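Asker: I need the structure of the sequence given here:
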Amino acid sequence: MIGESIPDQHKQASAQLAAQIDHYLATGHRIELVPAGKSGEIPFTAIGNHPSNLKAKRNKHVPRVRSLAAQGMTASAIATTIGLDSRTIRHIAKENDISLTEPA
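Answerer: Below is the predicted model:
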C-alpha cells in the first residue's frame, strides 16, 4: 500500500495499444491513413431516399395543418393537436405557403 510503486498508467496503455497494433498487422491487416476531416468514403446512395421519405410523411399532414391554420391556430397549438413537433409544423407551412398565426 503505502510505499508501493504504482505502475505508470500511460506506459501500460501505450504497451497495450502497441500489442494490439502488432496483432492487427500480424493477422494480415493494413493500416489506412484517412485525411483529416474525413471519416471514410460513403457513397451518396448509402443515404438512400431519406429526405423524400420525410417529405412524404409531412405531405400527409398538409390538409390538416392548412385547416387548423385557417382557424387561427399557432404552430405550437397545431403541433399539440396533431401530435407533431412545432418545427415540423413550421416546415410544412413554409413548404406549402400556409400562413400561421403568431403567438400573442
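Asker: CA atoms for contacts and neighbours, from now on please.
Answerer: Will do.
Asker: Could you pull out the helices in this structure for me?
Answerer: Using DSSP state H, the helices found in the chain span residues 9-26, 50-59, 62-70, 75-82, 86-95.
Asker: contacting residues around the shortest one?
Answerer: Okay, so that is helix 75-82. 65, 68-69, 85-87, 89-90, 100-102 (Cα atoms under 8 Å, 6 or more residues apart in numbering).
Asker: returning to that earlier point: return the member of the helices of the chain having the minimum mean pLDDT.
Answerer: Per-stretch mean pLDDT for the helices of the chain is lowest at helix 50-59 (a mean of 84).
Asker: Which strands and helices lie in contact with that helix?
Answerer: On a contact count with 3 or more Cα pairs under 8 Å, 6 or more residues apart in numbering; DSSP states H and E, helix 50-59 meets helix 86-95.
Asker: Now do the helix it packs on against helix 50-59: the angle between them, please.
Answerer: For helix 86-95 against helix 50-59, the angle by axes from the mean of the first three to the mean of the last three Cα atoms, to 10 degrees is 90 degrees.
Asker: Residues touching helix 86-95, excluding its own?
Answerer: Counting by Cα under 8 Å, 6+ apart, 58-59, 61-62, 65-66, 75-76, 78-80, 98-100 sit against helix 86-95.
Asker: rerun at 6 Å
Answerer: 75-76, 79 (Cα atoms under 6 Å, 6 or more residues apart in numbering).
Asker: hmm, back to that, who wins on neighbours among the contacts of helix 75-82?
Answerer: V65 (26 neighbours; other Cα atoms under 10 Å).
Asker: quick one, which of the helices of the chain is nearest to V34?
Answerer: helix 9-26 (16.7 Å; Cα to Cα).
Asker: chain center to the closest one, what's the gap?
Answerer: Helix 9-26 sits 33 Å away from the centroid of its parent chain (Cα atoms, centre = their mean, to the nearest Å).
Asker: Same question for stretch 92-102.
Answerer: Distance, centroid of stretch 92-102 to centroid of chain: 25 Å (Cα atoms, centre = their mean).
Asker: Pull out the CA atoms of that stretch and give them to me as CSV.
Answerer: Provided in CSV are the C-alpha atoms of stretch 92-102 (Å, rounded to 0.1, in the frame of the first residue of the first chain):
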residue,chain,number,x,y,z
ILE,A,92,-44.9,22.1,-43.5
ALA,A,93,-46.3,25.6,-43.6
LYS,A,94,-43.2,27.0,-45.3
GLU,A,95,-43.2,24.2,-48.0
ASN,A,96,-46.9,24.7,-48.7
ASP,A,97,-47.3,28.5,-48.3
ILE,A,98,-49.6,28.2,-45.3
SER,A,99,-49.8,31.3,-43.1
LEU,A,100,-49.6,30.5,-39.4
THR,A,101,-50.9,32.8,-36.6
GLU,A,102,-48.1,34.3,-34.5
